[in-house]
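*Asks:* Here's my sequence, what's the structure:
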Amino acid sequence: MIHIASHSLVTTIQDLGRIGYQKYGINVSGAMDPLSLRAANLLVGNREDAGAIEMTLIGPDMTFEEDTLLSLTGADLSPNIHGIPVPMYRPVAVKAGTVLSFGRPRLGVRGYMAVAGGFDVPCVMGSQSSYARAGIGGFEGRPIRAGDSIPTGKPSEKVKKYMQNLLGKGKKFAWPSWFAGNFYMNEKSLREPVRYTEGLQYDSFTDKSHQLLEEGHFIVTANSDRMGYRLSGPKLGLTAPLEMISEMCALGTIQVPPEGNPIILMAEHQSCAGYPEIGQAALVDIGRIAQKGPKDTLCFKKISREEAEDEYIFMEKKMREIREGISYRTGWGE
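*Replies:* Residues are numbered from 1 along each chain as shown. Purely as a prediction, here's the structure:
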């Protein structure tokens, strides 16, 4: 059990999403930064798609009511235990009664915390992901708030033994010297352009709009949320008025409403959309987009579908290396 002792901005339980229900109008939801969630789970011996806590900008103070193995990935929200900084991207063992706190965000805006055994909350349509607009999933179908006590699952015996070895005798908290490599969550990577492929209506936009999307800089507005990132910047326009009926959209679809400011569809995007689609953000860059906050800058770079596929394959190879490295260090996969 984890007791939440203070308020935070938006803290929910997410996994990799609610798959197979968009045809009924139920969106996927899930982690805004799926790579960070997957890494967090691997670090504590869970399945990659297990539920974890997603925190936005400000994390809550939380007390662990039993010995726990946890991990922190994604945004660096200045995690600390009694003022001692807690490292990212490694398993962290804590004794019962330990209080984990967070401070100002140093890098990124969405942090993830997984615990060995996962969270003991109901699955709705095959997922623990919280979708607050519909009041389903996660903890009571809503964001986590002060006063909540979140039940946790039971870790495997191998994970328990690893945690006990870390804590040793008399330690309140401990972590190993090794850490999982993070191949994209760093200052340099977050400054790189978002790669995209041509959208369904790409050819309906002016050549000038194509150029502006490639060369312009766009600002993430305060109206951005888990459904979509609304950007401000160079105005994009069509060659001629376009009458459209609603059609398919996907995670990363870049829509352009009549005023010309693009919207990137994110984890809680709708199943159909009615605005022209100038582009489709590459799946490998979704997590980097999700780590941008209000007033942060985004720029874009067009790539081919073949390049997008190659980048996806490269990403999965990196995730396999992380999985194998953790297994070697801990013995969980043996």
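*Asks:* and the longest helix for the protein?
*Replies:* helix 305-330 (DSSP state H).
*Asks:* Which positions in that one come out as buried?
*Replies:* Buried residues in helix 305-330, counted by 16 or more other C-beta atoms under 10 Å: 308, 311, 315, 318, 319, 322, 323, 326, 329, 330. C-beta: built from backbone N, CA, C; applies to glycine.
*Asks:* likewise stretch 57-76?
*Replies:* Applying 16+ other C-beta under 10 Å to stretch 57-76 flags 57-60, 62-65, 67-76 as buried.
*Asks:* coming back round to it: using a markdown table, lay out the buried residues of helix 305-330 together with pLDDT and distance to residue 158.
*Replies:* Formatted as a markdown table, the buried residues of helix 305-330 follow (pLDDT from 0 to 100; distance: C-beta to C-beta, whole Å):
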| residue | pLDDT | distance to residue 158 |
| --- | --- | --- |
| 308 | 96 | 37 |
| 311 | 95 | 34 |
| 315 | 93 | 28 |
| 318 | 92 | 25 |
| 319 | 92 | 21 |
| 322 | 92 | 18 |
| 323 | 92 | 15 |
| 326 | 92 | 12 |
| 329 | 91 | 13 |
| 330 | 90 | 8 |
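*Asks:* right, and the pair among those with maximum separation?
*Replies:* 308 and 330 (33.2 Å; C-beta to C-beta).
*Asks:* which other helices and strands contact the helix or strand hosting residue 109?
*Replies:* Using DSSP states H and E, residue 109 sits within strand 107-115. Counting by 3 or more C-beta pairs under 8 Å, 6 or more residues apart in numbering; DSSP states H and E, the packing neighbours recorded for strand 107-115 are helix 34-42, strand 52-56, strand 68-76, helix 187-191.
*Asks:* same question for the next helix or strand after that strand, mean pLDDT?
*Replies:* As assigned by DSSP H and E, the chain's next helix or strand after strand 107-115 is strand 149-150. For strand 149-150, the mean pLDDT works out to 96.
*Asks:* Next secondary structure after strand 149-150?
*Replies:* That would be, after strand 149-150 and using DSSP H and E, helix 157-167.
*Asks:* Mind checking the pLDDT average for that following helix?
*Replies:* 92.
*Asks:* residues in contact with the helix or strand just after it?
*Replies:* Using DSSP H and E, the next helix or strand after helix 157-167 towards the C-terminus is strand 173-174. Strand 173-174 is contacted by residues 81, 86, 92, 93, 94, 95, 98, 166, 167, 168 when judged by C-beta atoms under 8 Å, 6 or more residues apart in numbering.
*Asks:* now do stretch 158-166
*Replies:* Outside stretch 158-166, the residues touching it (C-beta under 8 Å, 6+ apart) are 44-45, 67-69, 91, 93, 116-117, 155, 174-176, 330-332.
*Asks:* Mind doing that once more with 6 Å?
*Replies:* Stretch 158-166 has contacts (C-beta atoms under 6 Å, 6 or more residues apart in numbering) with 45, 69, 93, 116, 174, 330, 332.
*Asks:* Can you list the low-confidence ranges for the protein?
*Replies:* The model of the chain has pLDDT under 70 over residues 333-334.
*Asks:* Can you tell me the centre-most residue of it?
*Replies:* Among the residues of the chain, the one closest to the centroid is residue 33, at 2.1 Å (C-alpha atoms, centre = their mean).
*Asks:* quick one, domains of this protein?
*Replies:* 2-182, 187-303 (automatic domain parsing).
*Asks:* Let me know which of these is tucked in deepest.
*Replies:* domain 2-182 (a mean of 19; mean count of other C-beta atoms under 10 Å).
*Asks:* And stretch 323-334, how far out from the chain middle?
*Replies:* Stretch 323-334 has its C-alpha centroid displaced from the chain centroid by 23 Å (C-alpha atoms, centre = their mean, to the nearest Å).
*Asks:* quick one: contacts of that stretch?
*Replies:* By C-beta under 6 Å, 6+ apart, stretch 323-334 touches 42, 45, 158, 162, 178.
*Asks:* rerun that using 7 Å as the cut-off
*Replies:* 42, 43, 45, 158, 159, 162, 178, 180 (C-beta atoms under 7 Å, 6 or more residues apart in numbering).
*Asks:* Kindly report the same for stretch 114-131.
*Replies:* Contacts of stretch 114-131 (C-beta under 7 Å, 6+ apart): 12-15, 17-19, 21, 26-27, 29-30, 40-41, 43-46, 50-52, 68-71, 136-139, 141, 150-155, 159, 163, 268.
*Asks:* Surely residue 278 is within a helix?
*Replies:* No - residue state for residue 278 (DSSP: H, G, I helix; E, B strand; the rest coil) corresponds to strand; a helix is not indicated.
*Asks:* Now do the contacts for it.
*Replies:* 199, 201, 202, 205, 213, 236, 254, 256, 262.
*Asks:* now, which of those sits nearest residue 103?
*Replies:* Of those, the one sitting nearest to residue 103 (C-beta to C-beta) turns out to be residue 262, at 32.8 Å.
*Asks:* Helices of the stretch 151-300 of the chain, residue ranges please.
*Replies:* For the stretch 151-300 of the chain, the helices defined by DSSP state H, counting those that start in this stretch cover 157-167, 187-191, 207-215, 286-290.
*Asks:* Which of the ones you listed sits closest to residue 108?
*Replies:* Judged by C-beta to C-beta, the one of the helices of the stretch 151-300 of the chain that comes nearest to residue 108 is helix 187-191, at 6.9 Å.
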